[in-house]
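Student: Starting from these lines, generate the structure:
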Amino acid sequence: MIQLGHWTGQYRFENEKQNKIRGFEKTFFEVEILTVNDKTFTGRIWDDLATGGTKGVGEILGKIIGDRIDFVKFMPVMTAVVDSKGTIEI
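Tutor: Okay, the predicted model is just below:
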């Protein structure tokens with residue numbers, strides 16, 4: 001079960017193409033879990049810029065699915081990834 005508090009971890013994008021374009025297989029982060037309701041949670045997140053993270057403090061909404069933790073982060077800036085062909089991944 002998710003517990004309130006300050007935690008560190010890492011995430012990766014499910015789309016391997018995005019990880020490859022970014023040049024990082026995983027991004028480290030710090031998170032503060034603020035609310036927990038059964039299998040869902042909310043909090044604040046700070047990405048590690050040195051491992052491909054986004055600037056600023058974001059908000060997260062997450063859920064526990066089996067032995068996995070999935071979350072969506074909402075950052076104060078939008079990041080777009082452009083590959084060498086000019087294709088934009090948002």
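Student: use CA for all of it now, contacts and neighbours both
Tutor: Noted.
Student: So the closest residue to residue 8 other than its chain neighbours versus residue 39, what's the distance?
Tutor: Leaving out its chain neighbours, the residue that sits closest to residue 8 by C-alpha to C-alpha, 6 or more residues apart in numbering is residue 30, at 4.4 Å. In this view, residue 30 and residue 39 are 20 Å apart by C-alpha to C-alpha, to the nearest Å.
Student: Pick out whichever of those two has more residues nearby.
Tutor: Taking other C-alpha atoms under 10 Å, residue 30 and residue 39 do not tie; residue 30 has more neighbours (16 against 13).
Student: which ones are touching the more buried one?
Tutor: By C-alpha atoms under 8 Å, 6 or more residues apart in numbering, the contact set of residue 30 is 6, 7, 8, 9, 45, 46, 47, 48.
Student: And the helices in this structure, which stretches?
Tutor: With DSSP state H as the criterion, the chain has helices at 16-22.
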